[in-house]
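>>> compute the structure for the input listed below.
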Amino acid sequence: MNQFILLLSFLSLLACNTATQPEVVTEKKETTPTSTATKIPVVDYNGLAPIFAQKSDTTYVINFWATWCKPCVAELPYFLELHEKYKDQKYKFIFVSLDFPKQIQKKLVPFLEKNPLPGEVIVLDDADANSWIPKVDPKWSGAIPATVVYNGDRKIFAEKSFHDFPELADWVETLK
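Modelled structure (predicted):
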């Protein structure tokens with residue numbers, strides 16, 4: 001029930017914040033930590049969907065998070081460790097922020113300046129959560145943090161917070 005209330009609150013806030021697209025900052029680099037020199041694309045689900053359709057030998061680690069979500073922020077260091085563990089392998093890290101678009105410059109950019117993330121950061125701005133959430137994973141209630149890891153046709157999904165690096169690393173290894 002609490003997750004349902006959280007989802008309704010989230011959708012209400014998104015609906016209020018879709019009128020103006022935020023201005024984004026400069027260029028993004030996939031393998032370097034996110035910084036103020038990083039462009040943060042703002043997309044709807046159609047702009048995000050191609051990420052889930054890659055058919056290559058690369059493993060994609062896609063984390064849905066927000067700066068206002070304490071469990072999301074708490075687990076980010078474990079993704080940094082995971083990136084370090086797999087830095088010489090074909091892994092791509094994508095952090096899908098569900099921060100409110102009007103707060104990108106005020107909250108998300110300063111957060112990323114203090115806490116660089118490996119890989120790509122994308123802001124998902126799509127108020128039709130009932131449509132896109134089940135496309136990410138049919139079992140997802142919409143609560144965050146949530147993580148998808150896939151390679152080709154193999155996929156794992158977790159709607160939970162990881163409490164330490166070994167827990168995250170062991171879970172990712174189940175994909176193999």
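>>> helices of the chain, residue ranges please.
2-16, 45-48, 70-85, 109-114, 129-136, 165-173 (DSSP state H).
>>> so where's this protein shaky on pLDDT?
1-38 (pLDDT under 70).
>>> can you pull up the most central residue in it?
Of all residues in the chain, the one closest to the mean position by C-alpha atoms, centre = their mean is V96, 2.5 Å from it.
>>> do you know how far it is from D126?
11 Å (C-beta to C-beta, to the nearest Å). (C-beta placed from N, C-alpha, C; glycine too.)
>>> before we move on, what about E84?
From E84 across to D126, the span is 31 Å (C-beta to C-beta).
>>> these two: who's more crowded?
Ranked by neighbour count (other C-beta atoms under 10 Å), E84 and D126 place D126 first, with 18 against 11.
>>> surely that one is in contact with V42?
No - with contact defined as C-beta atoms under 8 Å, D126 does not reach V42; the gap is 10.0 Å.
>>> ok, residues contacting stretch 162-176?
By C-beta atoms under 8 Å, 6 or more residues apart in numbering, the residues outside stretch 162-176 that reach it are 59, 61, 75, 77-79, 81-82, 85, 145, 147, 149-151, 154-156, 158.
>>> gap between the two ends of that stretch?
From its first residue to its last, stretch 162-176 covers 19 Å (C-alpha to C-alpha, to the nearest Å).
>>> which of the residues in that stretch are buried?
Neighbour-count burial for stretch 162-176 flags 162, 165, 168, 171-172 (criterion: 16 or more other C-beta atoms under 10 Å).
>>> how far is that stretch from where the chain is centred?
17 Å (C-alpha atoms, centre = their mean, to the nearest Å).
>>> repeat that for stretch 129-145.
With C-alpha atoms, centre = their mean as the basis, stretch 129-145 stands 13 Å off its chain's centre.
>>> quick check: bridge partners of K92?
Y60 (DSSP bridges).
>>> surely it and T58 touch.
Yes - contact criterion C-beta under 8 Å: K92 and T58 qualify, at 5.4 Å.
>>> from K139, how far off is I62?
From I62 to K139 the distance is 15 Å (C-beta to C-beta).
>>> those two: who's more crowded?
Using other C-beta under 10 Å as the criterion, I62 and K139 rank with I62 on top: 22 against 10.
>>> who are the contact partners of the more buried one?
51-52, 94, 96, 147-150.
>>> F52 reaches V136, doesn't it?
Yes - distance between F52 and V136: 7.3 Å, which falls inside the contact criterion (C-beta under 8 Å).
>>> comparing the two, which residue is more hemmed in?
V136 (21 against 16).
>>> the residue lying closest to that one once chain neighbours are set aside - how many residues pack around it?
Nearest residue to V136, sequence neighbours excluded (C-beta to C-beta, 6 or more residues apart in numbering): V148, at 6.4 Å. When neighbours are counted by other C-beta under 10 Å, V148 registers 21.
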